[in-house]
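coords please:
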Amino acid sequence: MSNECTDPIDLFRTEAYHDDIQVQLRAVKKLPTLAVALDVDRTRHELIPTLENFLDIIYFNNDEVLMVLSEQLGKFVPFIGGVEYAFLLLPMLEKLAATDDTCTREKAVESLQHIASLMNGPQLEEHFIRVIQEMSKAEWYTSKCSAAGLIAICYPKLSDQGKLDMRQLFLSLLENDSPMVKREAAKYFSDLIKIVEVSYLKEEFVPSFRKLSKDDQDSVRLLSVNVAVALASRLSPPEIEEHILDTLHCLCVDFSWRVRYQFANEINSVQTAVGPSITRKSIVPLYKILVRDSEANIREISARNIVQFCEILQKSYLEDTSERKEDLDPIIKEEILPLIKELDKDVVEDVQDGLYSVIISLSSLLGEVNTKDFLVPLITSSIENDSSKVKESIVTNLNNIICVVGIEDLSETVQKLMTDLVKTTIWRTRRNLIVTLSHIARHSKKEYFDQHLKSLYISLLNDPVYAVRKVAPLILPILVKYFGMKWAKNDMIQTYLEFSEKTYYLLRMMCLFGIDELMSPTLEKRNHGYTYLDLLKDKEDANSSKIINRIKNLNEVLTIQLQEEWVGIVLAFIEDEDYFNDDIRAYSEEALDAFAKCGELVIGSITEGEIKKRDTEETYIEGLLFLILAFFLDKIHILAQDLVFNVRMRAANTLQKICNFNAALIKELEEPWVEKLINVTSLNDRVDLMQECRTELLDAVNQKDKMANINPEILQTSLALDKIAQDADIPSPMEVDPPPELQLTAKAEDNLAQLTQSEETVLPTEIVEKLEVSPAESTVASETLVRGDEGLELVKTEPASPVVEQQEQGTSESSGSELRYRREL
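Sure thing, here's the model as predicted:
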C-alpha cells in the first residue's frame, strides 16, 4: 500500500467526504487524535486548510456535523502550537457562529469564549476584537447574536480604548431593530454589568436598561428583570431608589403575564439585591401585588417563593439588633402570614399545591408557639381539601413541623391524611408515604405507631406495585432502632416472616428484603472502615461488658451454624449464576433523596443510648444476632429451596450478607481490648449470660404457636462456653442440668470429669466446652405449585422418608445444576 493512502490527512478526507453522515461524524470526533498523530507544523499548515475546505463544502448540508466541528475546534489550541497561533481557528469559528442552527451557534460561541479566555490583552485587541466587530456589522442577525456573547469575556483584559469600543458596540446591539438581537444582547447584559466599572453604570447602562424594560416585545422586557437584579447588586441603596425602583414597579404590573411571572420567579433575587431596607419599604408591597395577581400561575410561583422570602426577611431582622424586641420579624407576622391565609383559600388547586409544597418548612422559622397558633390549624383544615396533591405535599414535608411541635398536636390529622393517601391510585404517592412513616417513627412512641400507623405500613408492604414494596423495607431498621428490639421481635419481624409463606413469589421475597435491610441498612452510610463495636473500645462499665459478652456468645453460635452443609451449597450455587443486583435508586427515585435530608443515621453501630438502656432493652447488634439464629437462617433455608429461581437467588444473596456480617464481627472481636472488656463481668455472671442465651434460643425454637416453620435443627450445636475460666469453688456450667434436647459430647464429659476429680486448687484456665443438639428430623410439610391438567394446583408434600432420600441420592444428576442444587438442599 502506498504512503499516500496511509497518510492521516488523506484518511480524514476519505471519511469526511463520505456519503454516510455517521462516518463524517466519526471523522470529526477523531480530529484531536489526528492532530496528535501529526506534528504541530503539519496541523497548522495542512490540517487547518483541510478543515477550512471541508467547512466550505458541508456548510449548508449538515447541522449535526457543524455542531460537532464547532465543539472540537475549541479544543484545538494545544495542537496548533499554543495560544499564539489561536487566531488560525477564529475564521472557521466566526463562520460557524453565523449559521442558522442555534445549537451550532451556541457551540461556536462557547469555543470562541474559551479561546478568548486563553488570550492576553494585546492578542485580543489584535485578533479577537476584529472578529467581534466584523460579526456585529454583518447583515444577517445570527452573527450579531453571537457577537453579543463574546464582549463580556474579553472586556476585563482590554485597554481603555478597547473597553470603550466594546461598550459602545454592546449598547448598539441592545438598540438593534431585530428582536432576536435585542434578546441575545439582553441575555448577556447581566454578565457585562458585573464586570464593567461602576462609573459607567449610571451614565451608559441605566438608560439602556430603562429602554429595554419598555420594549414592545414582552420576550425582551422579561429579560430586563435579571438586568435589574445585576444593576441593583452594583449600586448603593439611594442609587437603587433613584434609578431602579420605578422600573421594578413597572415590571411587576406589566400588562404581559410572562413579564410578571418572570418578576415573581426572581423575587428572591430582587429582594437580596436591593437590600433589607428597600425590601421592607418597597418590595413587600410589590410581592403582595404578585400574590393577588389575576393569573393563577403567577400566584403559584409566588406561593412557592414565600418561604424563602420570609427567610431572607428574618435573617436581616436578626442581623439588625438595634431595636429588635421580638423573635419573629413583625413584617412576616403582620403582612406575610395573612398572605398565606389568602393563598390557602385560593380556588385553583395548583396554587394550593405550590403553597403546601413549601409552607411546612416555615415552621423552623416561626418557632413552636407561632407554628401551633398559625400552621397547625392550616394543616388540620387541609383534611377537608379534595386535592390529593395538597395532602401529599403536607405529608411529604411533615418532618419539618414534627421536629418543632412534636406529633401530639397533629396525631389525628396525620392519621387521616395518610389513610386517605394510602388509598390513592398514584403509586408514587404511596411510596412517598414511607418517608413520612420514618419521620413519625423518630418523633413518636411505639404505642402510637402500633395503634394508628402499623396497619398502613403493612398495607404498603402488600402494595400491588413492586417499587412501593421494594422501598417499604428501607425504614424497618429505623423502626427497630427507635422502638427497640423487644418490640421488633414480637411484632414487626413476625410480620415480615409471615411473607415467606405467601403463595405469590414476589411477596415471599419481602421476607428477604426485610432481612437484607436489617443486615445492611440502605439509609445508613457505611464507609470502608465501618465498625459495629468501636464505641465500646474505651468502656469499662458493666453494661458494656454485658453487651460484648452476649455479642461474642451469639456470634460464636452463628459461626458454627454457618458451617452447616446447606450453607455451603447455597453460597456455591450463587457463585455459579449471574445474580441480578437491582439498584434501589431505580425504585426509590426522589424518595431516597428525601431520606437523605433527614441527616445521617446510626443504626448498626452501638450508641451511647443503647448502652444506658441495656438493662431494659438489648442493643441492635444483640437482637440482630438472636433473630438470625432463631428465625432468619431457618427462613432462608426454606426459601433457598423455593420453586422460583429469583427467590432462591435472593435467599442466597441474603445468606451471603449474613456471612459477611458474621466475618466482620469476628474481626472486631479479635481486637485486644475485647478480652479486657469481657473480663469486667465476673465468671458467674458470664456463665449466667451463656445459659440465658441458650435458653432464649431454645424457647424461640419451641414456640410453635408463634412460629409455625421454626425447626429445632436450628440449634444443631448449642452455645459454646468458650474461654470461661473455672475456679475450684465455682460449679462447672456443665453441672447445670441441660434441657433434655441437649447431650454432652465425649470431649465435654472428659473435661468435666477432670474438673470434678481434681483435688488440688485449680488455677483459672481457658476451657472450651461445646454442647450439641442432635439433629431432629424435619416434620414441616411444604406446599408446592404444580401444573396439572386444569392449570396450577397447590399440593401439600409430606417430608421424605430416609428410603426416599436414599433413592433420590441414587438418581442420575443429568437434569442440570438447578435440580442438583435442590436435591442437595
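
From here on, just use CA atoms for contacts and neighbour counts.
Noted.

C-terminal to the helix or strand in which Ser381 is found, what's the next element?
Element membership for Ser381, per DSSP states H and E: helix 376-381. Going down the chain from helix 376-381, the next helix or strand is helix 388-396, by DSSP H and E.

Might you quantify the distance of that following helix from its chain's geometric centre?
Taking CA atoms, centre = their mean, to the nearest Å, one finds the center of helix 388-396 at 21 Å from the center of the full chain.

Buried residues of the helix holding Ser381, list them for me.
Val376, Leu378, Ile379, Thr380 (16 or more other CA atoms under 10 Å).

With respect to Pro285, which of those is nearest?
Minimum distance to Pro285 across the buried residues of helix 376-381 is 24.0 Å, recorded for Leu378 (CA to CA).

Could you report the separation of the closest one from Ser70?
To Ser70, Leu378 is 55 Å away according to CA to CA, to the nearest Å.

For the helix holding Ser381, output the C-alpha coordinates as CSV.
What follows is helix 376-381, C-alpha atoms only, in CSV (Å, rounded to 0.1, in the frame of the first residue of the first chain):
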residue,chain,number,x,y,z
VAL,A,376,-51.2,23.6,62.7
PRO,A,377,-54.7,25.0,62.1
LEU,A,378,-53.9,25.4,58.4
ILE,A,379,-52.7,21.7,58.2
THR,A,380,-55.7,20.5,60.2
SER,A,381,-58.1,22.3,57.8
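
Residues contacting it, please?
Asp344, Ile394, Asp409, Leu410, Thr413 (CA atoms under 8 Å, 6 or more residues apart in numbering).

Widest-spaced pair of the residues you listed?
Greatest spacing in those, by CA to CA: Asp344 and Asp409 (20.3 Å).

Looking at these two, which is more packed in?
Asp344 (21 against 14; other CA atoms under 10 Å).

Verify the contact between that one and Leu355 for me.
Yes - applying CA atoms under 8 Å, one finds Asp344 in contact with Leu355, separated by 7.3 Å.

So which residues make contact with stretch 220-238?
Against stretch 220-238 from outside (CA under 8 Å, 6+ apart): 179, 182-183, 186-187, 189-190, 193-194, 198, 201, 206, 209, 212-215, 240, 244, 248, 251, 258-260, 262-263, 266, 269-270, 273-275, 278.

For the residues you listed, which PyMOL command selects only the ones that are buried?
Here is the PyMOL command that picks out the buried ones among the contacts of stretch 220-238, judged by 16+ other CA under 10 Å:
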select buried, resi 179+182+183+186+187+189+190+193+201+206+209+212+213+214+215+240+244+248+251+258+259+260+262+263+266+269+270+273+274+275+278
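
what's the longest helix along the chain packed up against?
Using DSSP state H, we find that the single longest helix of the chain is helix 645-669. Counting contacts by 3 or more CA pairs under 8 Å, 6 or more residues apart in numbering; DSSP states H and E, helix 645-669 packs against helix 505-519, helix 542-561, helix 565-575, helix 633-639.

and that helix with helix 565-575, angle?
Angle, helix 645-669 to helix 565-575, by axes from the mean of the first three to the mean of the last three CA atoms, to 10 degrees: 110 degrees.

is it true that Thr424 lies in a strand?
No - checked against DSSP: H, G, I helix; E, B strand; the rest coil, Thr424 lies outside a strand; its state is coil.

Correct me if wrong: it contacts Arg430.
Yes - counting by CA under 8 Å, Arg430 is a contact partner of Thr424 at 7.2 Å.

which one of these two has more residues nearby?
Arg430 (22 against 13).

pLDDT on stretch 592-603, on average?
Per-residue pLDDT over stretch 592-603 has a mean of 71.

Mutual contacts of Asp344 and Leu355, please.
By CA under 8 Å, 6+ apart, Asp344 and Leu355 have no common neighbours.

Might you list the low-confidence residue ranges for the stretch 451-600 of the chain?
Confidence mapping of the stretch 451-600 of the chain against pLDDT under 70 gives the ranges 575-583, 585-586, 589-591, 593-594, 596-599.

So which of the contacts of helix 376-381 is the closest to Leu174?
So of the contacts of helix 376-381, ranked by how close each gets to Leu174 (CA to CA), first place is Asp344, at 42.3 Å.

that older thread, report the lowest-confidence entry in the contacts of helix 376-381.
Asp409 (71).

Distance check, it against Ile401.
From Asp409 to Ile401 the distance is 10 Å (CA to CA).

Counting neighbours, which bits of whichever helix or strand Gln22 is part of end up buried?
Using DSSP H and E, Gln22 sits in helix 21-29. Under the neighbour-count criterion of 16+ other CA under 10 Å, helix 21-29 has Gln24, Leu25, Ala27, Val28, Lys29 buried.

Which neighbouring elements make contact with the following helix or strand past it?
Where DSSP H and E defines the elements, the next helix or strand beyond helix 21-29 is helix 31-37. Helix 31-37 sits against helix 8-16, with contacts defined as 3+ CA pairs under 8 Å, 6+ apart.

Tell me what angle the helix it packs on forms with helix 21-29.
Using the same axes, to 10 degrees: helix 8-16 against helix 21-29 is 150 degrees.

in helix 8-16, what counts as buried?
The neighbour-count check on helix 8-16 (16+ other CA under 10 Å) flags Pro8, Ile9, Phe12, Glu15, Ala16 as buried.

between these, which is closest to Ser136?
Closest approach between the buried residues of helix 8-16 and Ser136, by CA to CA: Ala16, at 31.5 Å.

hang on, the earlier thing: Leu34 is nearest to which of the helices and strands packed on helix 645-669?
That would be helix 565-575 among the helices and strands packed on helix 645-669, by CA to CA, at 45.1 Å.

Show me what that closest one is packed against.
On a contact count with 3+ CA pairs under 8 Å, 6+ apart, helix 565-575 meets helix 645-669, helix 817-824.

Dump those helices to TSV, plus mean pLDDT.
Formatted as TSV, the helices and strands packed on helix 565-575 follow (pLDDT from 0 to 100):
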stretch	mean pLDDT
helix 645-669	91
helix 817-824	44
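
Point out the most buried one among those helices.
helix 645-669 (a mean of 19; mean count of other CA atoms under 10 Å).

Could you check the angle that one makes with helix 505-519?
10 degrees.

returning to that earlier point: show me what the longest helix of the chain is in contact with.
With CA under 8 Å, 6+ apart as the criterion, helix 645-669 contacts 505-506, 508-509, 512, 515-516, 519-520, 531-533, 552, 555, 558-559, 562, 567, 570-571, 573-574, 579, 633, 636-637, 639-642.

Could I have the buried ones of the residues you listed as ChimeraX selection syntax?
Applied in ChimeraX, the following selects the buried portion of the contacts of helix 645-669 according to 16+ other CA under 10 Å:
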select :505,506,508,509,512,515,516,519,520,531,532,533,552,555,558,562,567,570,571,573,574,633,636,637,639,640,641,642
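
can you pull out the strands in the chain?
Here the chain has its strands, by DSSP state E, at 717-725, 742-744, 766-773, 782-788, 791-797.

Verify the stated contact: Gln113 with Leu150.
Yes - the criterion here is CA under 8 Å, and Gln113 meets it with Leu150 at 6.3 Å.

Comparing the two, which residue is more hemmed in?
The neighbour comparison of Gln113 against Leu150 (other CA under 10 Å) goes to Leu150, with 22 against 18.
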